[in-house]
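Visitor: my questions are about this predicted structure, shown below with the sequence.
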Amino acid sequence: MTFEKKIAAKSDLELIEILENRENYVPKFIEYAEFEIQNRDISQEHLTDEAKRLVIAKVQEKLKSYTPLKGRFEPPSSYFLSKEDVLEITRNQFIEWIERKEDLKIDVWKYVIAAALV
């Protein structure tokens, strides 16, 4: 099966995923995916919404293994979203990640005080 046929058989979402994860594909496949998505009647709003969902998933996945010792957190790139949009999504996900981490922290002083009172 040729690239053209493989691309034509893909759903809109699959094409968006290909373009958002272009580092996983050969340039010719990307080129056909870009051509196919331009030829389909897909609204810009739909493209943007799906791209946001995929970027959020990428950021969340990267945060699972992130520690401050690893250095700076690099936001993912996006084919459909501006750098500012990606940074905003990354910032919001980072804040949520920090809040979840804070919620899971154990306040050892509660146990120290409780032990002293017993």
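Guide: Received the coordinates, thanks. Bear in mind that the values here come from a model prediction, so they are computed numbers and not experimental data.

Visitor: C-alpha from now on. contacts and neighbour counts both.
Guide: Noted.

Visitor: Ser82: neighbouring residues, count only.
Guide: For Ser82, the count of nearby residues is 11 (other C-alpha atoms under 10 Å).

Visitor: try the one 4 residues further on
Guide: For Val86, the neighbour count with other C-alpha under 10 Å is 21.

Visitor: show me what the strand or helix carrying it is packed up against.
Guide: Element membership of Val86, judged by DSSP states H and E, is helix 83-104. If you count contacts as 3 or more C-alpha pairs under 8 Å, 6 or more residues apart in numbering; DSSP states H and E, helix 83-104 packs onto helix 44-64.

Visitor: tell me which residues in the helix it packs on are buried?
Guide: Within helix 44-64, the residues scored as buried using 16 or more other C-alpha atoms under 10 Å are Leu47, Glu50, Ala51, Lys52, Leu54, Val55, Ile56, Lys58, Val59, Gln60, Leu63.
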